[in-house]
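Trainee: sequence first, then the predicted structure:
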Amino acid sequence: MVNNKIIFFLPIISFFLLISCSKESDQIIDYKDNYLTEEGGEIINAMIGEPSNLVAMIAGDSASSAIAANIFNTLIKYDENLNHAPELASQWIISDDQKTITFKLKENLFWADGTPLTSDDVLFTWRLVTDPNTRTPYASDYLLVKDAQTPNKQTFTVTYEQNYAPALDTWASLQILPKHVLKDEDINNTFFSRKPTGSGYYQLDQWINGQQVTLKRNKNSTQGQALIEKLTSRIIPDTSSQFLELIADNIDLMNINPIQYQRVFPSREDLKQKIGLYKELGNGYTYLGFNLKQAPFNDPKVRQAMNYAINKEEIIKGVLLGLGEAIASPYKPGTRWNNESLSPYPYDPSKALALLKEAGYERNPAGILVKDGKPFEFEILTNQNKQREMTAVLVQRRLKEIGIDVKIRVLEWASFINRFIKTGDFKAVVLGWSLSLDPDQFNIWHSSQQGPGQFNFVGYENPRVDELLELGRRELDNDKREEIYHEFSKLLLEDSPIVYLYAGYGLSAINKRVQGIKKPAPPAGIYQNSYEWFIPQSLRRNELAVQ
Amino acid sequence: MMIFFRNPLALSGLIIIITILFLAIFAPLIAPYDPNYIDIDSILVAPNTNHIMGTDGLGRDVFSRMLFGAQISLLVGFVAVGIATLIGIILGSVAGFYRGWVDSLIMRLVDIMLSIPTFFLILAVIAFLTPSIWNIMIVIGLTSWMGVTRLVRAEFFSLRQREFVLAAETMGASDFKIIFSHLLPNSLTPVIVSSVLGIASAVLVESGLSFLGLGVQAPTASWGNILTDGKEYIQFAWWLSLFPGLAILFTVLGYNLLGEGLRDILDPKNINK
Amino acid sequence: MLIGISLISFFIMQLAPGDITSNEAAFNPKASEESRQKLRELYNLDKPVIVQYGLWLKRISQLDFGNSFSSHQRPVLWQTKDKNGNITKGLIQEALPITLLINLLGIFIIFSISIVLGTLASVRQNTWVDRSITLFVFVGFAIPGFWLALLLMYWTGVVNQWLPISGLHSPGYLGLSEFDQILDLLKHLILPVLISCLSGLAGISLYVRNGMLEVLNQDFITTARAKGINEKKVVFVHALKNAILPLITIVGLSIPGLIGGSVIAESIFAIPGMGKLFYDAVLMRDFPVIMGILTIGSFLTLIGNLLADLGYAWADPRVRKGLVR
């Protein structure tokens, strides 16, 4: 019997022994304030998924895009202030009728294998992405080009049917592929996707399936040399394992969540000492979307009431621990497209109730909102994402306080999209949009985009908004565009087809051996100048050691 | 009965289970807070006098959630095993009694179900259907009946030739009666043991499903999802890992001890000693 | 039976709403519906279920498991060579050896340790040795795997830098000598193997213990003891041999499990095994991979059952003699 008691306490004692003895890293590193830039070293980061295909136009997943972005170049890129800047093209001239863009490529561009990079490659890539046999979902923007020409090896011109304002943004996304390697290959099925030849800062060094992808510097890089010699991405699907690897100094970089940023790191002096934390506002937002085609959310008063009834500050504080911002327009705060004069609906439950009363809802003796004898109840659907689940719970709580019964259903993604979104079988959803840097939002808000599988799945129709979206696409003058989208945002806020919940920060934890990171993050984020990061010799990990 | 108390395994198991059952049944009375009461100002607070097991990521009291989580864990266990046992008894009896092609058919079915790794099957089905408590219980039940079927069938085989069965048949008793009044009652021993052990396994499966995001869904509390919520901060918010982990450990331990103890007790060889 | 399994699996797949085209990336406002429709047509996903099944059956009969639906298009089973001689490895070809290795190591450990523990417990029945072993074994059975995994990873990898935390190889792996490479791999496998065989250890130990107890009470043991045979010999030679026979059936029954990796252990330890492959395929509705894995699984079950029956027949002299006669 004595044994039983011991066995009872043993797990508890062991548990505490396990977690409390922190004799982790005995060495205290004295980080200097000013390191001189040095070349070399290796940075190791963690990815949740494995890249599937390094040809960005075919692959859909983020792991593939992340790796491919280091290997390939686009015609233009965004600088740290989110302005268009040269990458392969040194300049681009827009014709007077605004329908033709002429890109002039930089001189002496080469592929990693030494072959010159010319406008032929650009034309080849454009042909590839618009080819009906290429299995790419991103063709639509490039199909708008009615004619593409290469007058000489340094020049590439595209002519559009109509002025297309988002055009430049699309040329900042198309990764240029080598014609000389791919011309006889079937792009859907080529080994190139696993062993690419690019022109970017890095090239593929090694890919151990399922485990890691290593890139090394490309001597022929068209943009000059990056400082860090090797980029290794380890595939670690579980975020708790990633965190353990980070604090054991086996990886240098990972995305962290608000709790780790605000609570875990601040409580550990030893971690703060060797790992730096970074935050940047992403280009997306989380929202509560409604089905505008059915009751009760076909009534704008009801939707506005929802806006007043939900406490967004509370959600940001509770779910993001303050690491996010409330927004009033579908644009990133701090950019010109964001209409600064608009403010989010304040938290005002009495106003919500007043609006609901106008819409025909009265509170019964039990406090439940009822209309025509039926209680106000609905289900919020969301996918398996911790933050969205927590957000839904908070929304549920506030709505309950004014008498609305909300149930939450968490669904697996593919089921979610196919069984509920596509069929329009939902009342409300908590989802997020991740947007491109161009302000055009035609695909999401135009009334023509309501078909199954298209993105206006909430069913929004506003003729003036349609008009604005069409105008915005054709207006190349940024100031005029700004006015158009500001008005668009205003209308959207009034109609409230969705409730903007928050725009969250992207949070990263990066080991202090990586120097050169800009803090605070510029508008384009910290990763924009990752090729300028470096690892001083004295801080490098011993690459041959097997721990 | 006294034998029961002389077997320390079964006894410890029983004590643990009764304690947990007690806590689960009286959860609404014992819990100091509403398990879904969100308190944004007390996010991830360490155990203190206000919250003896600390709070979780939304400021909810962990102790209250643990109590209601006990209800969920036990419910999942009982219902899942109930379904599995029911199916198992029916199929096993039919196979064991009628033999012949019926038996072959049922055994083929068992083989087919066994050749697909159970967890895979559960995963696949739950991923397609929405992960709700009922779906989880039904699916676990539908994928764990094979063991019971085999046990019942084996017992029927061995019992069928015994005199009391032959006597009943000679007396013209209907098949149904023979199965239910004579064969089944004597076959139940291994079934009971297997069911008790099955409850333990169902609790573990639920925690595994929670890890993958397919377990009991928010905002309902289950030990599995409290544990999963805390897995990224095992050192910082240790209370989110320790308490549900231990709870699962002891519950499963209790059922296993009880099951093994029952096996010892009900073993005919031991009864005769 | 193979047909039965494949039929059941195929129809379960059809239950699932959605297909390969509905992954998260597809919900990007820049991606168009037409391309998804084209993909569906390419994979015959728009044809009636029976037709799809028939097409698949035809391919399987030629041992062509096809290629994955996901954008990497890798072959499901075995590597392919393209016209330039580039080899693309098959999905199962890469995931199976890892899972097999972990499972075989696990089985080896389970059987060796549990025979020892079980025998010890039975020989010293009802003493503190027996009680402790039994309880230890039960606790092992009862611990939620991922919880223990994380705690051990923290203890052995962070607090004390004894073992690596996740993955199969260290980053500098290819630069090591062959011997060091194997050592590196084994170091990475210690925790995953331990975690995945913990419950099996418990079960089998108990089984051995109970089996031994039964055997030790039988007449022929008493006879052997009466004959004055050394106790150790009695236990290890006579009793053990008989108690182990049922274990052979268990080995046979666990053969289909050999190819099943634990999704949870593989996620936590970042091991690209069969568990993760299957799970990801299910979430992505990657039918060729799912069907491929299930088919191989059922094939192995058949083999396993056969081997178990044969093994039992061979090991049990009673059956052997019966056959000869």
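Mentor: Done, it's in.

Trainee: quickly find the element holding the residue nearest to residue A:478 when sequence neighbours are not counted.
Mentor: Residue nearest to residue A:478 in three dimensions, not counting chain neighbours: residue A:336, with 7.3 Å by CB to CB, 6 or more residues apart in numbering or on different chains. In short, each C-beta sits where N, CA and C put it, glycine included. Using DSSP states H and E, residue A:336 sits in no helix or strand.

Trainee: show me the domain layout of chain A.
Mentor: As given by automatic domain parsing, the domain ranges for chain A are A:18-52+A:195-281+A:510-543, A:76-182, A:284-504.

Trainee: so can I have a markdown table of those showing mean pLDDT and mean neighbour count?
Mentor: As requested, the domains of chain A are arranged in a markdown table below (pLDDT from 0 to 100; neighbours: other CB atoms under 10 Å in any protein chain shown):
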| stretch | mean pLDDT | mean neighbour count |
| --- | --- | --- |
| domain A:18-52+A:195-281+A:510-543 | 88 | 18 |
| domain A:76-182 | 92 | 18 |
| domain A:284-504 | 92 | 19 |
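
Trainee: can you list these in CSV and add distance to residue C:212?
Mentor: Putting the domains of chain A into CSV (distance: least, CB to CB, whole Å) gives the following:
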stretch, distance to residue C:212
domain A:18-52+A:195-281+A:510-543, 34
domain A:76-182, 61
domain A:284-504, 46
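
Trainee: got the residues of the stretch 101-250 of chain B near chain C?
Mentor: B:108, B:111-112, B:114-117, B:119-120, B:123-125, B:127-128, B:200, B:204, B:207-208, B:211-212, B:224, B:227, B:231, B:234-235, B:241, B:245, B:248-250 (CB under 8 Å from any CB of the partner chain).

Trainee: look at residue B:127 and report its pLDDT.
Mentor: On the pLDDT scale, residue B:127 is placed at 68.

Trainee: can you check the one 4 residues further on too?
Mentor: Per-residue confidence for residue B:131 comes out at a pLDDT of 74.

Trainee: tally up the residues packed near it, please.
Mentor: Neighbourhood size, residue B:131 [other CB atoms under 10 Å in any protein chain shown]: 24.

Trainee: hang on, isn't it packed against residue B:209?
Mentor: Yes - Residue B:131 is within contact range of residue B:209, at 7.3 Å (criterion: CB atoms under 8 Å).

Trainee: mind listing the strands for chain C?
Mentor: C:80-81, C:87-88 (DSSP state E).

Trainee: mean pLDDT for these: which is lowest?
Mentor: strand C:80-81 (a mean of 81).

Trainee: partner strands of that one, parallel or antiparallel?
Mentor: Paired neighbours of strand C:80-81 in the sheet (DSSP bridges): strand C:87-88 (antiparallel).

Trainee: the strand it pairs with: how far from the chain's middle?
Mentor: 26 Å (CA atoms, centre = their mean, to the nearest Å).

Trainee: what's it in contact with?
Mentor: The contact list for strand C:87-88, computed with CB atoms under 8 Å, 6 or more residues apart in numbering or on different chains, reads A:191, A:194, C:74, C:75, C:79, C:80, C:81, C:82.

Trainee: what residues are up against the last one?
Mentor: Meaning residue C:82. A:190, A:191, C:88.

Trainee: quick check, pLDDT for it.
Mentor: 79.

Trainee: which of the strands of chain C sits most buried?
Mentor: strand C:87-88 (a mean of 15; mean count of other CB atoms under 10 Å in any protein chain shown).

Trainee: re the thing from before, now, the residues of the stretch 101-250 of chain B next to chain C that are in strands?
Mentor: Per DSSP E, those never map to strands.

Trainee: circling back to that earlier point, pick out whichever of the contacts of residue C:82 sits closest to chain B.
Mentor: residue C:88 (25.6 Å; CB to the nearest CB).

Trainee: how close does the closest one get to residue C:81?
Mentor: 8 Å (CB to CB, to the nearest Å).

Trainee: please apply the same query to residue B:68.
Mentor: 58 Å.

Trainee: the residue nearest to residue B:141 when sequence neighbours are not counted: what secondary structure?
Mentor: Nearest residue to residue B:141, sequence neighbours excluded (CB to CB, 6+ apart): residue B:83, at 2.8 Å. Three-state call for residue B:83 (DSSP: H, G, I helix; E, B strand; the rest coil): helix.

Trainee: contact partners for residue B:83?
Mentor: Residue B:83 neighbours (CB under 8 Å, 6+ apart): B:137, B:138, B:140, B:141, B:142, B:145.

Trainee: how about residue A:356?
Mentor: Contacts of residue A:356 (CB under 8 Å, 6+ apart): A:301, A:302, A:305, A:369, A:376, A:402.

Trainee: my guess is the third one contacts residue A:349. True?
Mentor: Think residue A:305. No - at 9.3 Å, residue A:305 does not count as touching residue A:349 under the criterion of CB under 8 Å.

Trainee: which SS class is residue 96?
Mentor: I went with chain A, as the question did not name one. coil.

Trainee: now do the contacts for residue 92.
Mentor: Defaulting to chain A. Contacts of residue A:92 (CB under 8 Å, 6+ apart): A:75, A:76, A:84, A:101, A:102, A:103, A:104, A:168, A:171.

Trainee: that answer is for a different chain, and I need it for chain C
Mentor: C:65, C:76, C:77, C:78, C:274, C:277, C:292, C:293, C:296 are the contacts of residue C:92 under CB under 8 Å, 6+ apart.

Trainee: in the stretch 1-150 of chain B, what residue is nearest chain A?
Mentor: residue B:40 (4.3 Å).

Trainee: residue C:65 and residue C:57 touch, don't they?
Mentor: No - with contact defined as CB under 8 Å, residue C:65 does not count as touching residue C:57 (11.9 Å).

Trainee: among the two, which residue is more densely surrounded?
Mentor: residue C:65 (23 against 14).

Trainee: follow-up on the earlier one: out of the contacts of residue C:82, which comes closest to residue A:271?
Mentor: residue C:88 (41.3 Å; CB to CB).

Trainee: and the closest one, how far is that from residue A:104?
Mentor: Residue C:88 is 39 Å from residue A:104, by CB to CB.

Trainee: over to residue A:243?
Mentor: 47 Å.

Trainee: picking that back up, just the ones of the residues of the stretch 101-250 of chain B next to chain C in helices?
Mentor: Using DSSP state H, the members of these that fall in helices are B:108, B:111-112, B:114-115, B:119-120, B:123-125, B:127-128, B:200, B:204, B:207-208, B:211, B:224, B:227, B:241, B:245, B:248-250.
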